[in-house]
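**Student:** Okay, predicted coordinates and the sequence, questions at the end:
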Amino acid sequence: MRSPLDRIRHALSFEIIALLLIIPLGAVVFQFPIHDIGAVGIVSATLATLWNLIYNYGFDALLQRWRGSTLKTPKLRVLHAVLFEGGLLVVLMPFIAWYLQISLWQAFVMDVSFALFYMVYAFGFNWAYDRLFPLPEWQKAAQKPLTH
């Protein structure tokens, strides 16, 4: 399992890179001022960072118990990203509607759009992060085929 400091590095680097991408993109796509999308992005990133720490710890703990390893197959990475974004959607949608003074439906569409971006981004970021910062246990697992 990853150390607490590694999890903090992961969460912060994930959110900082994402904000650098999503704020200007969101302002253009949804035609809101960049400061409004920036505020939504920063609050969302803060909540997402907390969720990221809690969710990834829980997901890895369950994976460790279930499979005896935290090494993720491509299918598990997809499940990981979908469940993460689904939980975040429930929290962020009401905030977006309130802050931008839009309907829940508009907030849902915006949040789903962000979630789709983040699912693709999370898949790629987490895969790259695991390659840049592999755990020692994965060296042994690389010798064995993945079955789940």
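**Tutor:** Cool, got the structure.

**Student:** secondary structure element for the nearest residue to Gly86 once chain neighbours are set aside?
**Tutor:** Of all residues not flanking Gly86 in the chain, Ala115 sits nearest, at 8.0 Å (C-beta to C-beta, 6 or more residues apart in numbering). All C-beta spots, glycine's among them, are computed from the backbone N, C-alpha and C. In the assignment (DSSP states H and E), Ala115 maps to helix 104-132.

**Student:** Pull out the buried positions in that helix.
**Tutor:** Judged by neighbour count (16 or more other C-beta atoms under 10 Å), helix 104-132 contains these buried residues: 107-108, 110-111, 114-115, 117-119, 121-123, 125-126, 129-130.

**Student:** per-residue pLDDT, the most centrally placed residue in the chain?
**Tutor:** Nearest to the geometric centre of the chain sits Ala122, at 5.0 Å (C-alpha atoms, centre = their mean). Per-residue pLDDT puts Ala122 at 89.

**Student:** now do Gln139
**Tutor:** In this model, Gln139 carries a pLDDT of 69.

**Student:** Contacts only, for the nearest residue in space to the residue nearest to the centre of the chain that is not next to it in sequence.
**Tutor:** Distance criterion C-beta to C-beta, 6+ apart; nearest residue to Ala122, sequence neighbours excluded, is Ala81 at 4.6 Å. Contact partners of Ala81, counting by C-beta atoms under 8 Å, 6 or more residues apart in numbering, are 119, 122-123, 126.

**Student:** Could I get those in JSON lines, plus columns for distance to Arg7?
**Tutor:** What follows is the contacts of Ala81, written out as JSON lines (distance: C-beta to C-beta, whole Å):
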{"residue": "Met119", "distance to Arg7": "20"}
{"residue": "Ala122", "distance to Arg7": "15"}
{"residue": "Phe123", "distance to Arg7": "18"}
{"residue": "Asn126", "distance to Arg7": "12"}
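
**Student:** rewinding a little: roughly how far apart are the residue nearest to Gly86 and Phe133?
**Tutor:** Taking C-beta to C-beta, to the nearest Å as the measure, Ala115 and Phe133 are separated by 25 Å.

**Student:** again with Ala39
**Tutor:** With C-beta to C-beta as the criterion, Ala39 and Phe133 are 31 Å apart.
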